[in-house]
Each structure stands twice: as C-alpha cells, then as structure tokens.
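[1] Here is a sequence with its predicted model. Questions after.
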Amino acid sequence: PSSSMEPTLNCAKPGPECLGNSSDRVLACRICLDFANPSRGDIVVFNTPPATVRACDEGGTFVKRVIGLPGDTVKEDKDGNIWIRGPDSKTFVKLNEPYISAQARRTDVEMNSDYINRRWHVPEGDYFMMGDNRGYSCDSRRWGPVPRHDLIGTVFFTYWPPDRIGFK
C-alpha cells in the first residue's frame, strides 16, 4: 500500500502521507474485465509496465484510477485540473473529479510542476492511470500508459478495516 490513492484508499501510518491506522484491503473483479473495458474513473488493479521500475524505483501490482481511455489526449493545467480530448474531438473537456480535494491539487502542482501544460496521448489498447493523491503518486504521467492486457480487475469493495467496509 502507498499513499497514492489517499483518501479513497488508505495506507497505514506511519507511512508518509498515509491517513489510516491500517491499510485498506479491497476486492477487485477480475471477470468484469472479460466482459467490458474499464471506464474513466474506475479504480483498477494492474501489473505495471517495465518503465515503472525505472521511474518509481518499484513496480509489480499497482492500484490507480483510470483517467485516459484508448485514443484520448490527457493534459494537466496550472491548477492541477485534468483535461481530456477524446479521439474524435477537437476540444478538451475538464474532467470532473470530486474525489480530488483542492489541497491535493495544490500539492500536486507544487510537487509536480513539470507536468503543468503537458499532454499525453493514450495509444489504442492502453489506459492512462493516475492516483487520487497526485502529489504522491508515481503514475502514467511519469511512466506512460498501461496496456489493456496488464489490467487485473476493477476495485469494487473495501473489506478491511471494519470502519471502511463498503462499495467503491
């Protein structure tokens, strides 16, 4: 567990930026991805691309939110807002992200100023992943998109700790 998905998914203190006293444990639906592609905003478990180890000094299995879909262009503005241009569109649309606080956006801009006004194209068959706690998230902005075949499942339920039990 890491703080990259705080406060949506807690990691345990005393980890940096962790909010919970224990790490959330989640269930992911593997079979769901056999019947449908993930949607923008879904929280997904996936195997990281090889570039993740070079960019983040770690790899393996991550949990992040789907931000960009195949064919999209993603950009981040000076305020930490994400904008999406679909494959058949000429204009960018600001992504509605109620799960990101104003403070988290400010922290992201302060810590990741090199992402301001950058654009990333998501190739066909790939997905662009970002953490909810973006200032502390090593994500697709750094290591690129995730191929569809590396997606493991969509997170749908937190089963531990008891005070965090619920559907996502």
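    Sure, I can see it.
[2] State the phi and psi torsions of the nearest residue to A12 once chain neighbours are set aside.
    Computed as C-beta to C-beta, 6 or more residues apart in numbering, the closest residue to A12 that is not its neighbour in sequence is S23, at 4.6 Å. In this view, the C-beta of every residue, glycine as well, is placed from N, C-alpha and C. Per-residue torsions, S23: phi -80, psi 140 (degrees, to the nearest 10).
[3] Verify the contact between S23 and K13 for me.
    No: between S23 and K13 there is no contact under C-beta atoms under 8 Å: 9.8 Å.
[4] okay, those two: which has more neighbours?
    Using other C-beta atoms under 10 Å as the criterion, S23 and K13 rank with S23 on top: 18 against 13.
[5] The more buried one and D114: what is the separation?
    The spacing between S23 and D114, counted by C-beta to C-beta, to the nearest Å, is 29 Å.
[6] What of L33?
    For L33, the distance to D114 - C-beta to C-beta - is 32 Å.
[7] longest helix in this protein, by residue count?
    Secondary structure of the chain per DSSP state H: the longest helix is helix 102-111.
[8] and for it, what are the contacting residues?
    K78, D79, G80, N81, Y115, I116, D132, N133, R134, G135, Y136 (C-beta atoms under 8 Å, 6 or more residues apart in numbering).
[9] Now do the helix or strand that comes right after it: distance to the chain's middle.
    Following helix 102-111 in sequence order, the next helix or strand is strand 119-121 (DSSP states H and E). Taking the mean C-alpha point of strand 119-121 and that of its whole chain, the gap between them comes to 15 Å (C-alpha atoms, centre = their mean, to the nearest Å).
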